[in-house]
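Student: Below are the sequence and a predicted model; questions follow.
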Number of protein chains: 2
Amino acid sequence: MQKADLEQLEKNPVLGPLPESARNELLEDSLELELPAGTTLFRQGEDARFLRIVLEGRVALVGSSDHKDETVVEFFQTDDVFIIPAVILELPFLMSAKTVEDSRILMIPANRFREVMEREQSLSLAVARELGRHWRLMIRQVKDLKLRSAPQRLGSYLLSLADTDRKHDEIELPEQRGMLARRLGMTPENLSRAFSRLQSSGVQSRGRLIVLSDIPALREFCAYDDLT
Amino acid sequence: MQKADLEQLEKNPVLGPLPESARNELLEDSLELELPAGTTLFRQGEDARFLRIVLEGRVALVGSSDHKDETVVEFFQTDDVFIIPAVILELPFLMSAKTVEDSRILMIPANRFREVMEREQSLSLAVARELGRHWRLMIRQVKDLKLRSAPQRLGSYLLSLADTDRKHDEIELPEQRGMLARRLGMTPENLSRAFSRLQSSGVQSRGRLIVLSDIPALREFCAYDDLT
DNA sequence: CGGCCGACTTGATATGTATCAATGAACCAG
DNA sequence: CTGGTTCATTGATACATATCAAGTCGGCCG
């Protein structure tokens, strides 16, 4: 493992609070994978044998029911620790996971993680807080799906990437439009239409670059609240 | 506080693992409220000054965006500890909460809970596990909303209340149909239609009593998976 | 340079769900 | 028993989103 990666982990919200010796113990039997975009990391229903951390790149949690087409529930990026619940509860994955760009993934054996967590107060505290944040993200998403239209969901997503204190900002979409559409609960076709709908609220898109020229208007349109 | 309640808390998945002295300390400045159905416990945006536990009754987490009509994100019932994330992260509520039947609610001061959690490994572990379970419930709900139709969501919900190993079972809806409709992401009118749609999969409803006469067929219809 | 391929867009149509309005059933108070 | 209130159902219609089918754009490779 690279020195740069170790330093990165020291600042990680989950692993960072651990004393160095415990962190090293976690890393002992860990492995690091370098994966091209589009690789499946695991499938729903499988047992959680490793905890995963994104060292670099981007991963999507994808779900399917039967053989219908997939949906994306969440993206994880550099420094995110994911599938903690399956690991600590020793339950099978509810979702599959797949890289959306070339990625480096750290895999920590599940039983070792559980051992250290049962011993180290700092880790169980950090895990509790991290899961609290994850839970709130999901709550936001459920509210979005139930209360907002497709264009409003897109607008809220764009706002979450922007500096909402300014009037004007430019952002870059971190994923392909098809994937983004699934994350937002719509088809790619409808994502296109949602973008054109947002033009009247000052949203211009050229490829992955998005220009928000009237953020207050966009907030208004989306009924966006800042609740963290 | 009643003796019966104390015994109940000893078995609680979150507070149970605590040593008795620490549990008593948590209860010291706590208060118990007896509330009629329909009472609002708190509103979204407010600060989380208390952790809540349902001693008896039923509570809905409701959300609204702007002044549109509300949606129900989740129900909590006897023994459930709720809004842990807002309490431990010291963030404002993302949702409001409201009793859906007469309820007794225990309120534990947030700062005291945080103190004890930072000190007691048993509590931070229990909290981590509880939040893991909550997270998985939300994941299920997001998958439901994104992948299934309204009648399928209703069917899955009914299956989650039934003994799915049997062919035939009877269940009782724990809430009014209007509330259930909002929890499932549809209107009350559409819930009615969803029920009639499910008749062909062996679902009969008479008031709050539901008879499932062909559970395998219902599972098939809903593309139901048993992932816990 | 030209042609192919994947990703995105655009338009026409179909479907699911919401909305609106009316009716019916259950419950309670008088 | 009666009238009122609330909640659930039913039907007619409107709207949002999905689906299906072309078409466009841009990058990549021969």
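Tutor: Received it, and whenever you're ready, just let me know what you need. Numbering: from 1, shown residues only, chains lettered A, B, ... in the order given.
Student: From here on, just use CA atoms for contacts and neighbour counts.
Tutor: Will do.
Student: Near DNA strand C, which residues of chain A are found?
Tutor: By the rule C-alpha under 7 Å from any atom of the strand, the part of chain A lying against DNA strand C is A:176-178, A:188-193, A:196, A:207.
Student: Can you confirm whether the longest helix anywhere in chain A lies near DNA strand D?
Tutor: The longest helix of chain A (DSSP state H) is helix A:121-147. No: shown here: helix A:121-147 not in contact with DNA strand D (C-alpha under 7 Å from any atom of the strand), separated by at least 8.7 Å.
Student: ok so, going back, of the residues of chain A next to DNA strand C, buried ones?
Tutor: A:177, A:188, A:191 (16 or more other C-alpha atoms under 10 Å in any protein chain shown).
Student: want to try JSON lines for the residues you listed, with secondary structure and pLDDT as columns?
Tutor: Output for those, formatted as JSON lines (DSSP: H, G, I helix; E, B strand; the rest coil; pLDDT from 0 to 100):
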{"residue": "A:R177", "secondary structure": "helix", "pLDDT": "95"}
{"residue": "A:P188", "secondary structure": "helix", "pLDDT": "96"}
{"residue": "A:L191", "secondary structure": "helix", "pLDDT": "97"}
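Student: Of those residues, just say which sits nearest to DNA strand C.
Tutor: When these are compared for distance to DNA strand C (C-alpha to the nearest atom of the strand), A:R177 wins out at 3.8 Å.
Student: correct me, but that closest one touches A:P188?
Tutor: Yes: counting by C-alpha atoms under 8 Å, A:P188 is a contact partner of A:R177 at 6.8 Å.
Student: and the residue of chain A most remote from its centre, how far is that from A:A194?
Tutor: Going by C-alpha atoms, centre = their mean, the residue of chain A most distant from its centre is A:S200, 29.2 Å out. Distance from A:S200 to A:A194, counting by C-alpha to C-alpha, to the nearest Å: 11 Å.
Student: which of the residues of chain A next to DNA strand C sit farthest apart?
Tutor: Spanning the widest gap among the residues of chain A next to DNA strand C are A:Q176 and A:S196, at 17.1 Å by C-alpha to C-alpha.
Student: tell me the domain ranges of chain A?
Tutor: Taking automatic domain parsing as the criterion, chain A consists of the domains A:3-145, A:149-222.
Student: Identify whichever of the ones you listed lies nearest to chain B.
Tutor: domain A:3-145 (4.2 Å; C-alpha to the nearest C-alpha).
Student: For A:S96, which non-adjacent residue is closest in space?
Tutor: Leaving out its chain neighbours, the residue that sits closest to A:S96 by C-alpha to C-alpha, 6 or more residues apart in numbering or on different chains is A:R43, at 4.0 Å.
Student: okay, now A:T39: neighbour count?
Tutor: Residues lying near A:T39 (other C-alpha atoms under 10 Å in any protein chain shown) number 15.
Student: what does A:L158 give?
Tutor: A:L158: 22 surrounding residues under other C-alpha under 10 Å.
Student: From the rest of the structure, what touches the host helix or strand of it?
Tutor: Using DSSP states H and E, A:L158 maps to helix A:150-161. Helix A:150-161 is contacted from outside by A:144-145, A:171, A:184-186, A:190-191, A:194-195, A:197-198, A:215, A:218-219, A:221-224, using C-alpha atoms under 8 Å, 6 or more residues apart in numbering or on different chains.
Student: Okay, angle between it and helix A:121-147 too, please.
Tutor: Here helix A:150-161 runs at an angle of 150 degrees relative to helix A:121-147 (axes from the mean of the first three to the mean of the last three C-alpha atoms, to 10 degrees).
Student: Relative to the whole chain's centre, how far out is helix A:150-161?
Tutor: 16 Å (C-alpha atoms, centre = their mean, to the nearest Å).
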